[in-house]
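Chemist: Need the 3D shape of this:
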Amino acid sequence: MKRVVVIEREFGAGAGAIAAGVAHRLGWKLLDHALTGEIARLAKVSPEACQQSEERVDPWLYRLAKVFWRGSHERSVTLPDADIVDADRLIHLTRQVMAQAALEGQCVIVGRAAAYFLRDRPDTLCVFLYAPPDFRYQRVLAEVKNEAEARHLIDTVDQERIAFIRHYYKAERPSRQLYHAMLNTAAGVDATVETILSLIAAANRREAPAP
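Modeler: Sure, this is the predicted structure:
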């Protein structure tokens, strides 16, 4: 039986709203912004510690860590209290939190390379969400209200995530073999939520013991 749903995505595809819809319909925990909060708690990060870490971390790894920490926040925002830790430490804490969440089950995890980390769990359903570039641009533009910023985010965030996966997992993103489905969210939030719920139900029927 599927107890964990992982939602990976292209930037601007609307994964946050879709994941929230899936979690609400299932009555499961949504691990998106809440996941970031738990990692920050474990890291015990202060602005001073962040400043020290920023000076120590290689700029390229720092940039990747920032993208990873940003998770599914669908815009380039200032991180709470500048909470950046060393990239390797960040990965360790994220894996720790995700492992505990998967053990407890009944959760929807957004991003954070969860499809790679949880790839061997048979109770996990992984979905990749994508959308046409103009659809994603219009969605991001509606949030950031700035054409140049929207174009910059569309052009860079996914490339940074690709570089992150190559560095830490020696894999390409998206690695299609990790996903049970890849869905075009231009169909709409509600339609995508329904499709994911149908996938979960179908997987559970297949895995149910024979009477």
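Chemist: Any figure for the gap between the spatially closest residue to residue 9 that is not a sequence neighbour and residue 1?
Modeler: In this structure, residue 9 finds its nearest non-sequential neighbour in residue 15, 3.6 Å apart by CB to CB, 6 or more residues apart in numbering. The way it works is simple: take the backbone N, C-alpha and C, and place the C-beta from them, glycine included. Look at residue 15 and residue 1: by CB to CB, to the nearest Å, they are 24 Å apart.
Chemist: and these two? which has more neighbours close in?
Modeler: residue 15 (26 against 10; other CB atoms under 10 Å).
Chemist: Residue 136 versus that one, what's the distance?
Modeler: From residue 15 to residue 136 the distance is 11 Å (CB to CB).
Chemist: and what of residue 157?
Modeler: In this view, residue 157 and residue 136 are 10 Å apart by CB to CB.
Chemist: okay, and the common contacts of the two?
Modeler: Contact criterion CB atoms under 8 Å, 6 or more residues apart in numbering; residues shared by residue 157 and residue 136: residue 11.
Chemist: residues of the helix or strand hosting residue 38 that come out buried?
Modeler: For residue 38, the element it lies in under DSSP states H and E is helix 33-43. Buried residues in helix 33-43, counted by 16 or more other CB atoms under 10 Å: 35-36, 38-40, 43.
Chemist: Redo those residues as a markdown table? Include pLDDT and distance to residue 193.
Modeler: Below are the buried residues of helix 33-43 laid out as a markdown table (pLDDT from 0 to 100; distance: CB to CB, whole Å):
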| residue | pLDDT | distance to residue 193 |
| --- | --- | --- |
| 35 | 73 | 20 |
| 36 | 72 | 22 |
| 38 | 70 | 25 |
| 39 | 71 | 26 |
| 40 | 71 | 28 |
| 43 | 71 | 32 |
